[in-house]
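Trainee: Have a look at this prediction, sequence included:
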Amino acid sequence: MKTRTPPGAEVDSGRRAAMKLAGGGLAVAFLWTAGLGPAVAQMNPRRQPTDEAAAAADGNPPFAPNAFIRIDADGSVRLVMPSAEMGQAIYTGISMMLAEELGVGLDQIKVEHSIPSDALYGIALLGGGQITGGSTSTRGQWQSLREAGAVAREMLIAAAAAQWHVDPASCSVSRATITHVPSGRTLGFGAVAEAAGKLPQPAKVTLKDPKDFTVIGKPLRRVDSPDKVNGGTQFGIDVKVPGMKYAAVRTSPELAGTLGSVDDTKARAMAGVVDVIKLDNAVAVVGEHYWAAYRGLEALDIEWRHGVNEHLDTATLIAALQESSRNGPALIGRKPKGEAAAGGKAVEMTFVTPMLAHAPMEPLNATVHVTPGKCEIWTGTQVPTRAQKEAARICGIPLEAVTVNNQYLGGGFGRRLETDQVEQAVAFAKQVSYPLKVIWSREEDIRHDRVRPLYFDRISATLGDDGKPTSWKHRITSGTVLGRWLPAAMGKDGMDSDAIESAADLPYDMDNVLVEWVRHEMPPGLVVGWWRGVGPTHNLFIVESFIDHLAQTAGKDPLAYRRSLMKAGSRPLGVLNLAAEKIGWGSQPLPARVGRGIAVASPFGSHVCAIVEVEVTAQGEVRLRRAVVAVDVGIAINPSSVQAQVQGGLLFGLSAALFNGITLKDGMIEQSNFHNYRSLRINETPAIEVFTVNSSESPGGLGEVGTAIAAPALANAIFAATSVRLTELPVTRTSLAASAEALKHVADNGTGKGDVA
Amino acid sequence: MVTLRVNGEDRQADVPPDMPLLWVLRDVIGLTGTKFGCGIAQCGACTVHIDGQPIRSCQMPVSAVGNRAVTTIEAIGLTPEGAKVQQAWLAVDVVQCGYCQSGQIMSAAALLARTPNPTDRDIDTAMAGNICRCGTYVRIREAIKQAATGQPQGLQVVVDGSAA
């Protein structure tokens, strides 16, 4: 599963179907094509019959050579974005891939959201759906989008050459202008757009040699920045539709509970309240503005009905996971090669990692207008075609009768891979005649998150005389996200490839490795979902904490120990060495209760090493002092975006590891807003230096890499500072205090674990 | 009926007196650059200026504004500090999802108006009330310093692909 881009590679439409997908050499991965067989559609860089709707939605420009590029008669270049922009800078990355081959600068293009279409915009790596997730957008489109740009460029050149009666090979393209090199004549894209639109599509195009890149590899400004600094960007929550009303909603706080009776007398008497509408498990108040709706909701007298989770709490869930871990059945994700040497020192640890909420800054929302036989939706979603399909189902109308207007996402982190909130908005909007904007409060957002799964891990190893592992056993027990979200992508044996990613594919050269997964069904209503970094975010905390523990047990330096287990010349060893060099590992002694922790891995087709430096106060408060991260993402399309994603991703992971855990009591999520589901703030943020390995490999994934590596680097740093090895997250300050006396001064830090002294 | 002075214009709104300024701005006046993030003054996404002071508009009843001047993200670029902050935000490309950035910029502009050359501690203190889930804090620090000093801080992005 590895593709190198040969310089100046010629690609034709027949051959590309047989090309392998860029994945970066993974043993297992968040790549599901294998499970879904060969019938998965691929994005096509050439015009398809289904392009007509997309081109029509874009005003039928004179030149629309494929589903991604529109050139108008006035020369405007509009690029259609197959993926969703949620902060990861994919609109910029996609624009750069297209622009590089098309021959325009990023200052010369405008970007547009796409219509929902798996056929046109499906990601083969994710089974062909139009999905933005799993850090697949760049690696999944690297080939198609450059080729789409090249197809357009060749047609524009052909049109200009025909007008000049010259050989197309004597023409060049730069900054949206075609130049006949021998004569110096020029034509803009607009001047040839119509003629180009009538030409046949080239069967073969030649992609640029990377040494000739003028766009890719440059730290270019994000295409969406200017409107994001002046309040001009329209997120889903900002949509304005004529005649629109606002809804505030409350869903049964007990997971899978239902709505009983509602006394809405007071609410209906309030100024600005328009209506009160109900579903089986939720009630909404409609108002002339959100405040009226919200006040109306507060004024309702609601009786909820208990469901199956009336007595559910976190301790019960953890005990049930442990029971499943003991009893299995366990599926094998990686089998040991050969027999382990007899004897040696046995080491074992167990870990519990918590449920997590996503809490994107933009609370969940959708605006929906249901009219006879039709449904129109405005929302920011990572899965526009799933939203379309669910709306069609709920309204009982054909797919084509549902319009989805995707918007900029105020954060996704996996939460907007779900359509539960869109489905609810459609079900409410179906009951009224006007367009309805449904906004979840932050409390609804957290209490009804589709949480990152709770995990229980048992991991063990036997160390030989040299301190290296002669055997390694890791049993993961959890609910399954993939099994619900895309069951067809589960292995034939029922294996969830996400659950074992970065546990089965270790960067260490060991043969005798057994990795198992036990599927544990969560209670109805406790829905687990994708959370930034998915399987690797969990597994790397276990694996890299355990490797650190083995180093300590063997009496070795954590850096030297990892190096001794890695293959010379390997890409993960490259990032490990780079990060160690940049932070000056071992070069000088650190103050008391200050420590550095290493974590290294190869998630999402990339390679990353983070070294975090912390100070732990006598009261057990963890202060982040510094972080150095080295990444090898293959070709870095935009070095500025790489830096930003690694910094931001790392902070997202550190924030969760320090503060967050979703807990249940009486079947209800106990956390509700940023006061008890903390988020890292600027005054708690360390300096973060990011270093990139120069590489000519195809791009790997990036959006989740920093998040996945954060927790183990933090935990190992805390160990180095305090000699306390964390086996549960989030960090509990009480366990890190220097003394019982110091503990008296520990204040409530608002963690999800009620860590209050 | 209340009268508000928003971004230099008088705006009338027929709303209850306890309605937070946030929702008057967003749902009645139609200025959606100011964001709803938490509703309890924990995240800072709703930050606007009242007579130049940063406040959380989700907690400010519209009746408490009186005749003071309300400035939102849509007009902060007309102030010298606001313009400098926005330019610096673009030069180091701070934004990711962008949803919190209106509030971040409003807090940063207010900081520079009262403390033209802020220290790291000044920046951390003034900006600690604004959550960014994308984690743009490192660049926020750089951009505020750049806005204050006019000197490039951190990685400077470029715009024109071909000229890069």
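Mentor: Ah, there it is.

Trainee: For chain B, which residue gets nearest to chain A?
Mentor: In chain B, no residue comes nearer to chain A than B:Gly33, which is 2.0 Å away by CB to the nearest CB. For every residue, glycine as well, the C-beta is placed using N, CA and C.

Trainee: nearest spatial neighbour of that residue, skipping sequence neighbours?
Mentor: Leaving out its chain neighbours, the residue that sits closest to B:Gly33 by CB to CB, 6 or more residues apart in numbering or on different chains is A:Gly231, at 2.0 Å.

Trainee: Show me where chain B has its strands.
Mentor: Using DSSP state E, the strands of chain B run over residues B:2-6, B:9-13, B:47-50, B:53-56, B:69-71.

Trainee: from those, which stretch is densest packed?
Mentor: Highest mean neighbour count among the strands of chain B (mean count of other CB atoms under 10 Å in any protein chain shown): strand B:47-50, with a mean of 25.

Trainee: who in the stretch 101-250 of chain A is up against chain B?
Mentor: Residues of the stretch 101-250 of chain A lying close to chain B by CB under 8 Å from any CB of the partner chain are A:104-107, A:174-175, A:214-215, A:218-222, A:224-226, A:228-235, A:237-238, A:240, A:246.

Trainee: Among those residues, name the ones in helices.
Mentor: Residues from these lying in helices, with DSSP state H as the criterion: A:Ser225, A:Pro226, A:Lys228.

Trainee: Considering these, which possesses the most neighbours?
Mentor: Highest neighbour count within those, by other CB atoms under 10 Å in any protein chain shown: A:Lys228, with 27 neighbours.

Trainee: what residues are up against that residue?
Mentor: Contact analysis of A:Lys228 by CB atoms under 8 Å, 6 or more residues apart in numbering or on different chains lists B:Val95, B:Gly98, B:Gln101.

Trainee: which residue packs closest to it, ignoring adjacent ones?
Mentor: Nearest to A:Lys228 is B:Gly98, by CB to CB, 6+ apart, at 3.3 Å.

Trainee: On the strand side of things, show who A:Val608 bridges to.
Mentor: Assessed by DSSP bridges, A:Val608 has beta-bridge partners A:Ala601, A:Val631.

Trainee: measure the residue of the stretch 151-300 of chain A found nearest chain B to B:Met60 for me?
Mentor: Of all residues in the stretch 151-300 of chain A, A:Gly231 sits closest to chain B, at 2.0 Å by CB to the nearest CB. According to CB to CB, to the nearest Å, A:Gly231 and B:Met60 sit 18 Å apart.

Trainee: how about low-confidence regions in chain B?
Mentor: For chain B, the stretches with pLDDT under 70 are B:161-164.

Trainee: Spatially central residue in chain B, please.
Mentor: Chain B has B:Met106 as the residue nearest its centroid, 2.0 Å off, counting by CA atoms, centre = their mean.

Trainee: Quick check: that residue touching B:Thr47?
Mentor: Yes. Using CB atoms under 8 Å, B:Met106 and B:Thr47 qualify as a contacting pair, with a distance of 4.2 Å.

Trainee: Need the overlap of contacts for the two.
Mentor: Taking CB under 8 Å, 6+ apart as the criterion, B:Met106 and B:Thr47 both touch B:Pro54.

Trainee: rewinding a little: distance to chain A for the strands of chain B - can I get that in a markdown table?
Mentor: As requested, the strands of chain B are arranged in a markdown table below (distance: least, CB to the nearest CB, whole Å):
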| stretch | distance to chain A |
| --- | --- |
| strand B:2-6 | 13 |
| strand B:9-13 | 10 |
| strand B:47-50 | 10 |
| strand B:53-56 | 12 |
| strand B:69-71 | 11 |
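
Trainee: Now tabulate the ones you listed in CSV and tack on distance to A:Leu680.
Mentor: Shown next, in CSV, are the strands of chain B (distance: least, CB to CB, whole Å):
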stretch, distance to A:Leu680
strand B:2-6, 33
strand B:9-13, 36
strand B:47-50, 18
strand B:53-56, 19
strand B:69-71, 28
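
Trainee: For A:Ile123, find the nearest of those strands.
Mentor: With CB to CB as the measure, strand B:47-50 is the member of the strands of chain B nearest A:Ile123 (36.9 Å).

Trainee: Please name every helix or strand in contact with that closest one.
Mentor: strand B:53-56, strand B:69-71, helix B:101-114 (3 or more CB pairs under 8 Å, 6 or more residues apart in numbering or on different chains; DSSP states H and E).

Trainee: Now render those as a markdown table, adding distance to A:Ala346.
Mentor: Below are these laid out as a markdown table (distance: least, CB to CB, whole Å):
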| stretch | distance to A:Ala346 |
| --- | --- |
| strand B:53-56 | 56 |
| strand B:69-71 | 66 |
| helix B:101-114 | 51 |
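
Trainee: right, so of those, which gets closest to B:Ala126?
Mentor: It is, among the helices and strands packed on strand B:47-50 and with distance given as CB to CB, helix B:101-114, at 4.0 Å.

Trainee: who's in contact with B:Asp120?
Mentor: Neighbours of B:Asp120 in contact, by CB under 8 Å, 6+ apart: B:Arg141.
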